[in-house]
Structure formats: C-alpha cells, structure tokens
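K.L.:
Here is a sequence together with a model predicted from it:
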Amino acid sequence: MSKKLKVGILGATGLVGQRLALLLEDHPWFEVTDLAASDKSTGKSYEESCSWKLPYPMPVNIMRIPVKPVKPNLDCDFVFSSLPSIIAGEIECSFARAGYPVISNSSSYRMEPDIPLVIPEINCDHLDLIPFQQKNRNFDKGFIITNPNCTTIALALSLAPVVKSFGVNSVQVTSMQALSGAGQNGISSLDIIDNVLPYIANEEEKVETEPLKLFGNLRKDTVEYANFIISAQCNRVNVSDGHMLTVSVNLQTKAGEKQIESAFNSYISPIHYMKLPSAPEYPVVVTSEKDRPQPRLDRYISDGMACVVGRIRKCKVSDYKYVVLSHNTIRGAAGAAILNAELLKVKGFI
Ligand SMILES: NC(=O)c1ccc[n+]([C@@H]2O[C@H](COP(=O)([O-])OP(=O)(O)OC[C@H]3O[C@@H](n4cnc5c(N)ncnc54)[C@H](OP(=O)(O)O)[C@@H]3O)[C@@H](O)[C@H]2O)c1
C-alpha cells in the first residue's frame, strides 16, 4: 500500500477544523500530521486547546499533536484551511507561496479569476486553472483552491440536474441556516432561542454569485460565468446542523412534472466513475415523503455528503419549486474540502 499523504489543518480547533479532523481519522489516502490555530491555542496539545463540539470522540491519533501557529513551516504535503475569511487571505497565500497546496473553506479567494471554486460533481475541469494561477502569482509547487459557501453548495448541487437537463433562467432561494454555520463563537443563545434572524452578513451576495462561477465554462485561463440570475434571502434558525433551502426555478427549456422528477432521480454525477472515497453514491437524494427533508432526520443521509431534495412541485410564479437540505459542516465545508483533495490527488495535482 502506498504511503498516505500528510495533511495540515489551519483553524484546526474551530467547528470546520474539528469536522476535518474527524472525517480524516481513517481516511484511506490522507493522515493528519500537523494542526494550527490562533495564539490562544498554540503551545498546547490539540486535546487541551480544542473545545470539542462533535457527538463522537476526538480521534485518538491527533489528541497529543501540539497546535502550532499558522506559519508555513508545517510537516505536511498540503493543508486544509478553515480560518475566518478576514485573516485567511494573507495566511493561505503565504502557504501557497511556500509550496503548499491549500484547499480552503474560506471566502477570501473564491471569486478570484485564477482560483478554482470547485464542487467536483459540477465543475472538476476548473482545476485546470491551477497552472495559470501558479504562473500569475509566481507560486512554484503551491496553489489555492476553494470550495463554495455552505448554502451555495446545497443550492448548486440541487440545481445540477436541472441545469444539465433543462437550463435555468432564474432562481429564487430562501435559506434556513443552522447555528453551526456561524462558527464556534457564532450566535448567542439569547439572540436565537424563540427566534429567527433574517440577516447573515454577506451571505446573500455569496449565494447569488458563487453558483454562476461554478456553472460557468472554463475558457483557457478564465471562467465565463453562467448567465442565469439568483435572488437569495438568508435566515439563521434555531437548528444545530443542516441548512435547509426552499428554491424556485424558472427553466430555459420547459418541462413536465415527470421530466423534472426524472432529472433529479436519475442524476449521475460526472465524477461517479472515479469512486472517490468521500463521494456519495448519489449527490442528490430525492425523498418522496410530503414533509421531508428535515434537518434532524435527514442531515446524515449518505454520511452527510449528499443534498436531500423533496417536495418537488409546480410553482405559480416560476416553473418548479422544491426543498433542499445539506449538512453545512460536512457537505458544506469539511467534506467538500476533502472531496476536492481527493479529486486533486486523482488528477495528479497533489
Ligand atoms: N461553519 C460552517 O458551517 C462553515 C461552512 C462553510 C465555510 N465555513 C468557513 O470556514 C471557516 C471556518 O469556519 P468555522 O465555522 O470552523 O469557524 P470557527 O469555529 O470560528 O473556527 C475558526 C478557527 O480559526 C482559528 N483562528 C481564528 N482567528 C485566528 C487567527 N488570528 N490566527 C490563527 N487562527 C485563527 C481558530 O483558532 P482558535 O480556536 O485558536 O481561536 C479556529 O481554529 C470560515 O472561513 C467560515 O466562513 C464555515
């Protein structure tokens, strides 16, 4: 058996960092060898520094790893970054410049023209931007790739069968987003108990623009954005994990109800044949029960890596509407980043 690639996690003590640590515990290709976080955590072991929030034990193999500063001298072949966006840009660039591939969850570089924003099931060809990025930015072996915002991932994955089969003119989406989406120090209980918060900073802008890059066409060294429009309204609700969205779509090519259902039900992703370890068998799972999906009941379908679509029906304003759910720290962040790393390995970038 070939040796596993060594992995560092930047922001290892946060909610996404913890998910990364857990999902990588028995990964067949990767092993965690280094962990980094803020000054408050450095110098202590991971076990001492991290306020573990997941309902599974902390992986034994990383408990005693000392947490280091986020400096590009870690013992690893590549890094996952789960740093707050406000500081991620400079730090991720310093790692890429020092020769590390960086797989980022943060928003800092998502919309930069030479940085791939990737959901493997949608646009794995966008990784071909990497050589242009390295040339543009004078990176030698290092580079940066990103996964989208957690709400974008749920929306884009669920739209993939529709875009492929019929094309889309416009999308209206309303999100009900979980508390873990706001990070470990996110929302105070007094603000959210018995309440819904109708504003999440910068979220609607991300959900309205990132899908256009994801569904865009790669033209040599740039991505030509898809030309549909999205209107998003994002809300924070009192749910621990799992973002739920209600979506209405206006189609380019009109379709009957049976055709829409069949497009969702028969959707096979273009990376299906690769059999990547973290790829769900079906990235879009359709539920037929009239009151599903629900976060508490459905967020762990396909180990949290699928989006679950339900209530597909005609819309009086657009053409069709449906509900979609996806686990925000798994499919929307850590799992998405790991899937991107697996794709990078298969394509020979790491
Ligand atoms: N949560 C989600 O569902 C989700 C989904 C998609 C994308 N994201 C993105 O993923 C990133 C991480 O999110 P999160 O929810 O895991 O946040 P979080 O729980 O707040 O964790 C932030 C991590 O960054 C570290 N950090 C903070 N300030 C730092 C500094 N100045 N220098 C070095 N390290 C620092 C923290 O270390 P200490 O513990 O030492 O402070 C912690 O490990 C964010 O960019 C977020 O937007 C999150």
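P.N.:
Here it is on my side, so go on. Numbers count the residues shown, from 1 in each chain.

K.L.:
Phi, psi for the closest residue to the ligand within the stretch 51-200 of the chain please.
P.N.:
Using CB to the nearest ligand atom, the closest approach of the stretch 51-200 of the chain to the ligand is made by G183 at 3.0 Å. From N, CA and C alone the C-beta is placed, and that goes for glycine too. Main-chain dihedrals, G183, degrees, to the nearest 10: phi 80, psi 180.

K.L.:
Check the burial of it by counting its neighbours.
P.N.:
15 (other CB atoms under 10 Å).

K.L.:
let's number from 789 now, not from 1
P.N.:
Sure, I'll start numbering at 789, so the last one becomes G971.

K.L.:
what's near enough to touch it?
P.N.:
802-803, 872 (CB atoms under 8 Å, 6 or more residues apart in numbering).

K.L.:
for these, which one is nearest E991?
P.N.:
Using CB to CB, P872 comes nearest to E991 of the contacts of G971, at 14.7 Å.

K.L.:
Contact residues of the stretch 839-988 of the chain facing the ligand?
P.N.:
858, 870-873, 875-876, 893-894, 938, 968-969, 971-973 (CB under 6 Å from any ligand atom).

K.L.:
Tell me which stretches of the stretch 889-1038 of the chain form helices.
P.N.:
908-911, 918-924, 938-954, 977-980, 991-1002 (DSSP state H, counting those that start in this stretch).

K.L.:
Now do the second one: which elements does it pack against?
P.N.:
If I follow you right, that is helix 918-924. strand 931-934 (3 or more CB pairs under 8 Å, 6 or more residues apart in numbering; DSSP states H and E).

K.L.:
who's in contact with C881?
P.N.:
Here C881 is in contact with 925, 932 (CB under 8 Å, 6+ apart).

K.L.:
repeat that for 7 Å
P.N.:
Counting by CB atoms under 7 Å, 6 or more residues apart in numbering, C881 touches no other residue.

K.L.:
does it sit in a helix, a strand or a coil?
P.N.:
helix (DSSP: H, G, I helix; E, B strand; the rest coil).

K.L.:
where does it land on pLDDT?
P.N.:
C881 carries a pLDDT value of 98.

K.L.:
count of neighbours near the closest residue to the ligand within the chain?
P.N.:
When distances are taken as CB to the nearest ligand atom, the chain reaches nearest to the ligand at G802, 1.9 Å away. Number of residues near G802 (other CB under 10 Å) recorded here: 26.

K.L.:
Next up, the contacts around it.
P.N.:
So G802 contacts 870, 971-972 (CB under 7 Å, 6+ apart).

K.L.:
gap between E1049 and Q960?
P.N.:
As judged by CB to CB, to the nearest Å, E1049 and Q960 stand 20 Å apart.

K.L.:
same deal with S790?
P.N.:
Counting by CB to CB - S790 and Q960 are separated by 48 Å.

K.L.:
I'd assumed H1115 was in contact with G1092.
P.N.:
Yes: with contact defined as CB atoms under 7 Å, G1092 reaches H1115; the gap is 3.7 Å.

K.L.:
And those two? Which one has more around it.
P.N.:
For G1092 and H1115, the more surrounded residue by other CB under 10 Å is H1115, and the numbers stand at 31 against 22.

K.L.:
Residues in a beta bridge with the closest residue to S1019 other than its chain neighbours, which ones?
P.N.:
In space, and not counting its chain neighbours, S1019 is closest to Q960: 5.0 Å by CB to CB, 6 or more residues apart in numbering. Beta-bridge partners for Q960, by DSSP bridges, are S1019, S1036.

K.L.:
isn't Q960 right next to V1037, touching?
P.N.:
No: using CB under 7 Å, Q960 makes no contact with V1037, being 8.1 Å away.

K.L.:
Between helix 938-954 and the helix or strand where K1046 lies, find me the angle.
P.N.:
Here K1046, judged by DSSP states H and E, is contained in helix 1045-1053. For helix 1045-1053 against helix 938-954, the angle by axes from the mean of the first three to the mean of the last three CA atoms, to 10 degrees is 130 degrees.

K.L.:
got the CA positions of helix 1045-1053 in PDB?
P.N.:
Taking C-alpha atoms only, helix 1045-1053 is exported to PDB below (Å, rounded to 0.1, in the frame of the first residue of the first chain):
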ATOM      1  CA  GLU A1045     -43.500  17.300 -13.800                       C
ATOM      2  CA  LYS A1046     -42.400  13.700 -14.700                       C
ATOM      3  CA  GLN A1047     -39.400  15.000 -16.600                       C
ATOM      4  CA  ILE A1048     -38.300  17.200 -13.700                       C
ATOM      5  CA  GLU A1049     -38.700  14.300 -11.200                       C
ATOM      6  CA  SER A1050     -36.800  12.000 -13.500                       C
ATOM      7  CA  ALA A1051     -34.000  14.600 -13.900                       C
ATOM      8  CA  PHE A1052     -33.500  14.600 -10.100                       C
ATOM      9  CA  ASN A1053     -33.900  10.900  -9.700                       C
END
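
K.L.:
in that helix, what's buried?
P.N.:
For helix 1045-1053, burial by neighbour count (16 or more other CB atoms under 10 Å) applies to 1048-1049, 1051-1052.
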